[in-house]
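Novice: Quick one, what's the 3D model for this:
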Amino acid sequence: MKSSASKLRIGINVENKPSYNGVPEFHYIEAGYVDAIVRAGAVPVILAPVDDVELIPSMLDSVDAVMLVGGPDLDPRNDGYMLHPSVRAMSPRREKFDRALIAEAERRRMPVMGIGVGMQLINVSQGGALFLHIPEDNPDALPHRDANLNPSLPPLRHELVVEKGSLLSEVYGENDVRVNSRHHMAVDEVAPGFAVTARCQGDGTIEAIESTREDWFAFGVQFHPEARSATFLDRRIFDVFVDGVQSFVETGVNRYAMKPRAHEIERKGTGSHTDLIRKFLATPKEERQNS
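Specialist: Numbering: from 1, shown residues only. Next up, the predicted model:
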């Protein structure tokens, strides 16, 4: 077992709740994120959303990688889109901090893992775009927002199709994959430098993206491996993340760098993501990993 002095330090952003009616402002985080990093053998370091984003370089000097956690929605107006009525935006303080955090992490080529809105932030920060409300953008989609708050009932889950040779394929192997789901926004156009490595089996919704760059170890998942509804296999993603960070720190090379497939390159030109979803769904299930 490594001593605490030799363990990797993973910076974790947190939620912000503004003050209201005399109640003070709070920063907080779900314990599942912190516990997952500890179980994976690393040291969690809280990156609080300070007002002065000029402090971020000094904050990142003390960590080896960053994990961007889930939470409320990104405000689409910050990316030039209108505010959709379904959006429940995170606090402006957190969003300003998180956007500056991913920008500095990318500038340093610091390893990054994003979960939920954390994956969406990676995508938009690198030039990608989002669906603002899946039921409107893809009316034939499966339910993705779990409205079940009763812990005695089973959580919403759906199957994944995982790209062979990806980081996720190392996590799940040849096992059938069913993940939890609690989102209404999703990745639409994938950012340059990233490839889709998992989709929802039933409707083609993007569930994971991974860096295609050898000089930056970065990836994101739309589901929540830190949640109580996650499986043992889901939680392995934190072990693979920490191992990948260790490898990148030692070599400076992203060993999981994905090669973008032909249709991902085509989509940057004339093809739409909706066209790709239709093509994906028209492909027989047993062929979808190679479609």
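Novice: List the contacts of the residue nearest the centre of the chain.
Specialist: The chain has residue 119 as the residue nearest its centroid, 2.5 Å off, counting by Cα atoms, centre = their mean. By Cβ atoms under 8 Å, 6 or more residues apart in numbering, the contact list for residue 119 reads 68, 187, 208-209, 220-222. In short, each C-beta sits where N, CA and C put it, glycine included.
Novice: Now with 7 Å, please.
Specialist: 209, 220-222 (Cβ atoms under 7 Å, 6 or more residues apart in numbering).
Novice: Just say helix, strand or coil for the residue lying closest to it once chain neighbours are set aside.
Specialist: Once flanking residues are discounted, residue 119 sits nearest to residue 220: 2.6 Å by Cβ to Cβ, 6 or more residues apart in numbering. Of the three states, residue 220 takes strand under DSSP: H, G, I helix; E, B strand; the rest coil.
Novice: now residue 220, which residues is it bridged with?
Specialist: Per DSSP bridges, the residues bridged to residue 220 are residue 114, residue 209.
Novice: Is it correct that it is in contact with residue 118?
Specialist: Yes. Taking Cβ atoms under 7 Å as the definition, residue 220 is a contact partner of residue 118 at 6.2 Å.
Novice: so the residue nearest to the centre of the chain sits in a strand?
Specialist: No. With three-state DSSP as the criterion, residue 119 is located in helix rather than a strand.
Novice: now the residue nearest to residue 119: how far from residue 102?
Specialist: For residue 220, the distance to residue 102 equals 11 Å [Cβ to Cβ, to the nearest Å].
Novice: which residues do these two both contact?
Specialist: residue 122.
Novice: The residue nearest to residue 119 - how many residues pack around it?
Specialist: The tally of other residues near residue 220 (other Cβ atoms under 10 Å) stands at 26.
Novice: ok, now residue 52?
Specialist: With other Cβ under 10 Å as criterion, residue 52 counts 8.
Novice: swap in the one 4 residues further on?
Specialist: Number of residues near residue 56 (other Cβ under 10 Å) recorded here: 20.
Novice: for the one 10 residues further on, same thing?
Specialist: Residue 66: 27 surrounding residues under other Cβ under 10 Å.
Novice: Spell out which residues sit in contact with it, please.
Specialist: Taking Cβ under 7 Å, 6+ apart, one finds 11, 101, 105, 110, 112 in contact with residue 66.
Novice: Helix, strand or coil: sort out it for me.
Specialist: Quick answer, by three-state DSSP: residue 66 is strand.
Novice: Tell me what it is bridged to.
Specialist: The partner residues for residue 66, given DSSP bridges, come to residue 11, residue 112.
Novice: Name the nearest of the contacts of residue 66 relative to residue 251.
Specialist: residue 110 (14.6 Å; Cβ to Cβ).
Novice: wait, that closest one sits on residue 65?
Specialist: Yes. Counting by Cβ under 7 Å, residue 110 does reach residue 65; the two are 6.1 Å apart.
Novice: neighbour-wise, which of these two wins?
Specialist: The residue with more neighbours, out of residue 110 and residue 65, is residue 65; 27 against 22, by other Cβ under 10 Å.
Novice: ok, for that one, nearest residue in space, not its chain neighbours?
Specialist: In space, residue 65 is closest to residue 111, 3.9 Å off (Cβ to Cβ, 6+ apart).
Novice: How many residues are close by the one you found?
Specialist: Other residues near residue 111 come to 27 when the count uses other Cβ under 10 Å.
Novice: Equivalent analysis for residue 259, please.
Specialist: Count around residue 259 with other Cβ under 10 Å applied: 8.
Novice: again with residue 51
Specialist: 9.
Novice: For it, give me its contacts.
Specialist: residue 93.
Novice: quick one: buried residues of the longest helix belonging to the chain?
Specialist: In the chain, taking DSSP state H as the definition, the longest helix is helix 232-251. Buried residues in helix 232-251, defined by neighbour count with 16 or more other Cβ atoms under 10 Å: 233-242, 244-248.
Novice: What segments of the stretch 51-200 of the chain are strands?
Specialist: 65-68, 112-115, 130-131, 157-162, 178-180, 186-187, 194-200 (DSSP state E, counting those that start in this stretch).
Novice: how far does the first one sit from the chain's center?
Specialist: In terms of Cα atoms, centre = their mean, to the nearest Å, the centre of strand 65-68 is set 10 Å apart from its chain centre.
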